[in-house]
Structures are given as C-alpha cells and as structure tokens.
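Novice: No letters, just coordinates:
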C-alpha cells in the first residue's frame, strides 16, 4: 500500500482469500530492494516470533512470499527508519539502550543493521 505505506498479508490458499493488515500506522515501510525484498516495522507476528507484539523489523521477499523477523526487541522503542539506497543497511531510530552504551536518559539514537 504505497499511498498509506502500510503492509498487508493475503492468504489465497483454500476456498477463500483472507487479508490481514500487518501495520497500522503510516511510515513503517523502510524500503524495497530492486530484487523485491520489502523491509518494514510492525507489531504483528507473521513469523510466530513476536508474541509480545513489540515493534520489530521484518522483511518480506516477494518471489517466495516469505517473512523474516530481523530483530528481537523485548520492549517498545523502534521508531522511524530507512533502507539504504543499495539495500544493504537499515537505519532505525530508538531511545532504547541497544548498544549497551549507557543511554539511560532515553535519548533517541540512530542505529544501523545489515540486511
């Protein structure tokens, strides 16, 4: 959904199609690579690894329809973010102490993740 920048999942197996919205706010799509991999933030649980409904980074590979959960957050705190132009790095903002550098003041910092 390019206009609202939301991610949806459609299940076309069986006798009917079901559609589930995986993201509920705008600006959660981090980017899409030329090879058809979309990266996004969501509190959904498409892979079964996010029972706590924390904001995680996921990828969706278009050719296979496969979701992958790329982060394992155990508290809320991922905001913003973008995929680099070459599709190799995800940049994300967080006020959490992700690098164990003593961010006790909850200051928003920029982090990078290799895809």
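Specialist: That came through, no problem. Note that the coordinates shown come from a computational prediction; the quantities given were computed from them, not determined experimentally. Residues are numbered from 1 along each chain as shown.
Novice: In this protein, where is pLDDT below threshold?
Specialist: Applying pLDDT under 70 to the chain flags the ranges 1-9, 11, 20-27, 105.
Novice: Now do the contacts for the residue nearest to residue 63 when sequence neighbours are not counted.
Specialist: Distances taken as Cβ to Cβ, 6 or more residues apart in numbering place residue 36 nearest to residue 63, at 5.9 Å, with adjacent residues excluded. Any C-beta I mention is one placed from the backbone N, CA and C, and that applies to glycine too. Contact analysis of residue 36 by Cβ atoms under 8 Å, 6 or more residues apart in numbering lists 61-63.
Novice: Generate a markdown table for those, with neighbour count and secondary structure as supplementary columns.
Specialist: Converted to a markdown table, those look like this (neighbours: other Cβ atoms under 10 Å; DSSP: H, G, I helix; E, B strand; the rest coil):
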| residue | neighbour count | secondary structure |
| --- | --- | --- |
| 61 | 14 | strand |
| 62 | 12 | coil |
| 63 | 8 | coil |
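Novice: Just give me the closest of those residues to residue 112.
Specialist: residue 61 (21.2 Å; Cβ to Cβ).
Novice: List the residues that contact that closest one.
Specialist: Neighbouring residues of residue 61 by Cβ under 8 Å, 6+ apart: 36-37, 68.
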